Structures are given as structure tokens and as C-alpha cells.
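# Let me see the structure of the following:
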Amino acid sequence: MGREHWKRIWIGSAGNMVEWYDWFVYASFATYFAGAFFPDGNPTAQLMNTAGIFAVGFFMRPVGGWLLGRVGDRRGRKAALTLTVTLMSASAVLIAIAPTYAVAGYGGVLVLLVARLLQGLSVGGEYAASATYLTEATDPKRRGFASSFQYVSMTAGQIVGLGLQIVLQRTLSDDALHSYGWRIPFVVGALGAAVVFYLRRNMLETEVYEADESGGEERGTLRALWRHRREAFLVIALTMGGTVAYYTYTTYLTKYLSNSAGLSKETATLVSFTALIVFACLQPLAGRLSDRIGRRPLLITFAVGCTFLTVPIMTMLKNAGSFWPALGLSLLALVVVTGYTSINACVKAELFPTGVRALGVALPYAIANALFGGTAEYVALWFKNAGAESGFYWYVAGCAAASLVVYLTMRETRDLDLTRMTASETSTLTTAS
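Numbers count the residues shown, from 1 in each chain. Below is the predicted model of the structure:
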């Protein structure tokens, strides 16, 4: 890769990191601000309320996927990426200043809800614009490696959030964190988004997009996407298992370790922080491997591992008891998940021609996340509240098994020429040879 390619990947990844820092910091600090917006009561019930608002953000993602995917296909990847980070900055500011239940009753919940809706709108477009940009902005023989930086940056955003949480836990009292300390990360997120806005204003468009002359007025439209509906449904199906597993072992893990396994909040946070650092380092290695052996072998390995290992891993995590056993099990789970996270961005981008690539990735992926990823934490807490927590383990394994069927039957996408894809070529990708 030349210097210019690395620069594009860096700028795209830096913005993605801030986007996902803001998105995930809501979940990682939920244990501290859950009681600020809802009446006193069962801690699990308060977490369910905040998880419900977290899930609502996912239901805006299809709208964001459609709107910002259309912008990405019609106005360019740069325009979409700049707009997404603007929306995310606004949502971070809203959460930082949201009034508590003691001050404004459920008015604070309303502000929180609006902020999450804006975040959902933003992230709904960010994933596709970032996946498309990173896939298009590099050498065809290194697309897996380049696109793996999407999850490197996503995970880096969460690592920064968890790192800040560790610092705050060690510098502020527990009462201070519950009172005002939880607002600090949202202020940091807003400032970070402002910096990335400047970077993205000066980023370069991809050659693949600039060279494309197909589509005309139908670029980025639902009509154009409908001609690739088989690929769109394929994105939903191949995303289902991966997104449930990813949110289980990243977003939900800290709460699971503290709320179910009995670890202190500090220990649970440190486990997640350490595991995610290793996880981030694995992404480029797995992405590069996919450039050599193909995408399907990694996807199949993930699905098989997640199907058969989720129940024992989650069961043992609940009884881990201390830092090292919890870390070892978390790392095992994240190694398995790497088979999906490292390459799913480029696999989806490789399914569609340029004129509908951003929308083709954005809308079906957002739908899958609204149905499965965004609800994973809420489903987990629902099973726990019902006294049948192990039912969630089987739910995650079942979703992975469903996606395994898709991975086994889809064609390989590694060697496709993104600049010459036609409708007839993409339609052959839904079945294996």
C-alpha cells in the first residue's frame, strides 16, 4: 500500500473510532447513569430501561442506512462520512447535558431518547460509508486487510471508552460517578467528533467511486437496490449471527460479568478492556489471512465455533469468579468472533456494484442490527429477569447456526473486480459453486 492509501484508511478509521466510541460509551457507562433517569427500584429493571433505549437507537439505523446510504452513493463516500460524524457529535452533546429524573422527571429520558435516535441515524450510515470507503480505497488484493480496520477502529473506540471508565473509576468516588462523572465521556466524544469532522472535510474520494459512471439518476435509490434484493437478503442473513455474538462479547460483556458473574465493576471493566485490546490486534491478521485463503473459510470457522462454544463459554464465564479465568474465556470468545468481524465489511461491500454499494450495505445491515444486534443486550437481560439466563446462550448459538447455513451456501467474493461488477455478476453470489 502506498502512503495515500494508508492516509485514507487512517482518516476513515479515525472517524469510525469516534462514531463507535460515542455509540458504545452509552452501554459501558449505563451501570452508572441508569439510576439517574429512572425512579429507584430493581437495578436489573433500571438496566433493562436503559438497554431498551439503547435498542431503540438500533431501530433508527435502517432509516440512517437508507438516508446516508443514498447520500454515499449519490454524493460520494466523503459526503456521507462527514454527515454521520456531525450527527454523532450532536447526540453526544445531548446526552452530556440531559437532565436527571430528580430534576426533570421523565424529561431527561426524552432527551436521552432523542440522542439515541440521532446516534442510530448516524451509525446506520457510518457502517456502510466506512465499509465502502475502506474497501474501495485500497489495492484489490488487500481489501480484507484494509477493511479489517473498520473493526479495529470500532473496537478502539470501545477501548478508549473503557479506558476512560477505568481512569474515572480510579479518580472519582462511586457516588461522584453516579452523580456527574458519567457525563464526562460524552463531552469527550463531542470534542473528538469535532476533530474528526475537520479531518473528513479534507479527505479524498475513492477512485472507484469517481470512475463509476453507471446508474445515473437511480444511483443509491431503493429501486436500484431492489434489483439486488438477493444480495440484500444475503447481507441480513450473514449478519445475524455475527452481530449477536459481537454485541454479546463486547457491549454486554462488562454488565454480564458484574451483574451475573458477581465480579466488581472495576474488575469487569478491566477484563473487557484487556480482551478488546487483543481483539483489535487480531483484526488485521485475520483480514490479511482472508486475502490469501478467501472470506468463506473465516466466516464458516466463526459460525461453527460460535454455535458449539457459546453455551459452555457463557456458562463458565458466569462462574469465573476472578480476573484471569474471565479474561481467558473472554479472549476465547473474541478469537472466534474475529472470523466474522475482520472481514464482514468487505464481504458485504463486495456483493454490490458501485452505484448502489453504500445503500446495499447500509440498509440490510441496519435491519439485521435492529432485529438482532441492538436487541441482544435487552434479550439477555430479559432472560435474566425471567430467571432463565441460560436461554440467552442458546439464542446466540442458534443465530450463529442460522448464519452458518448462509456461509456454507454463498460464493467466495475475494477476487471480484469492484469496478466491473454488473447485476448478472452479483446475482450469482448467493449460491456456492
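# can you give me the helices in the stretch 51-200 of the chain?
In the stretch 51-200 of the chain, the helices defined using DSSP state H, counting those that start in this stretch lie at 61-74, 77-97, 101-104, 107-136, 143-147, 149-171, 174-179, 184-201.
# backbone phi and psi for Gly387, please?
phi 80, psi 20 (degrees, to the nearest 10).
# That one and Val93, how far apart?
40 Å (C-beta to C-beta, to the nearest Å). In this view, the C-beta of every residue, glycine as well, is placed from N, C-alpha and C.
# Looking at these two, which is more packed in?
Remark: of Gly387 and Val93, Val93 carries more neighbours, 18 against 7, as counted by other C-beta atoms under 10 Å.
# nearest residue to that one other than its sequence neighbours?
Closest residue in space to Val93, ignoring its immediate chain neighbours: Ala190 at 4.8 Å, by C-beta to C-beta, 6 or more residues apart in numbering.
# was I right about that neighbour contacting Leu94?
No: assessed by C-beta atoms under 8 Å, Ala190 is found out of contact with Leu94, at 9.3 Å.
# Could you tell me which residues touch both of the two?
Shared contacts of Ala190 and Leu94 (C-beta atoms under 8 Å, 6 or more residues apart in numbering): none.
# Do I have it right that Val208 meets Thr419?
Yes: when contacts are counted by C-beta under 8 Å, Val208 is listed as touching Thr419 (5.8 Å).
# Which residues are in contact with each of those two?
The overlap between the contact sets of Val208 and Thr419 (C-beta under 8 Å, 6+ apart) consists of Thr354.
# quick one: low-confidence parts of the stretch 101-250 of the chain?
Across the stretch 101-250 of the chain, the ranges flagged by pLDDT under 70 are 214-215.
# Neighbour count for Val208 and Thr419, which is higher?
Between Val208 and Thr419, counting by other C-beta under 10 Å, Val208 is the more crowded of the two (19 against 13).
# can you give me how far stretch 324-331 is from the chain middle?
Here the centre of stretch 324-331 is set off from its chain's centre by 22 Å, with C-alpha atoms, centre = their mean, to the nearest Å.
# which parts of it are buried?
326-327, 329-331 (16 or more other C-beta atoms under 10 Å).
# between those, which is nearest Ser89?
Nearest to Ser89 among the buried residues of stretch 324-331, counting by C-beta to C-beta, is Ser330 at 31.2 Å.
# What pLDDT is listed against Met41?
Rather than Met, residue 41 is Gly. pLDDT recorded at Gly41 is 64.
# CA atoms only for stretch 368-387 - export them in CSV, please.
Extracted in CSV, the C-alpha atoms of stretch 368-387 (Å, rounded to 0.1, in the frame of the first residue of the first chain):
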residue,chain,number,x,y,z
ALA,A,368,-30.2,-7.0,10.8
ASN,A,369,-28.7,-5.0,13.6
ALA,A,370,-32.1,-3.6,14.6
LEU,A,371,-33.6,-7.1,14.8
PHE,A,372,-30.6,-8.9,16.3
GLY,A,373,-27.6,-6.8,17.4
GLY,A,374,-29.5,-4.0,19.0
THR,A,375,-31.8,-6.3,20.9
ALA,A,376,-29.1,-8.7,22.1
GLU,A,377,-28.5,-6.9,25.4
TYR,A,378,-32.2,-6.5,26.1
VAL,A,379,-32.9,-10.1,25.3
ALA,A,380,-30.1,-11.2,27.6
LEU,A,381,-31.5,-9.1,30.5
TRP,A,382,-35.0,-10.3,29.7
PHE,A,383,-33.9,-13.9,30.1
LYS,A,384,-32.0,-13.0,33.4
ASN,A,385,-35.1,-11.2,34.8
ALA,A,386,-37.2,-14.2,33.9
GLY,A,387,-34.9,-16.5,35.9
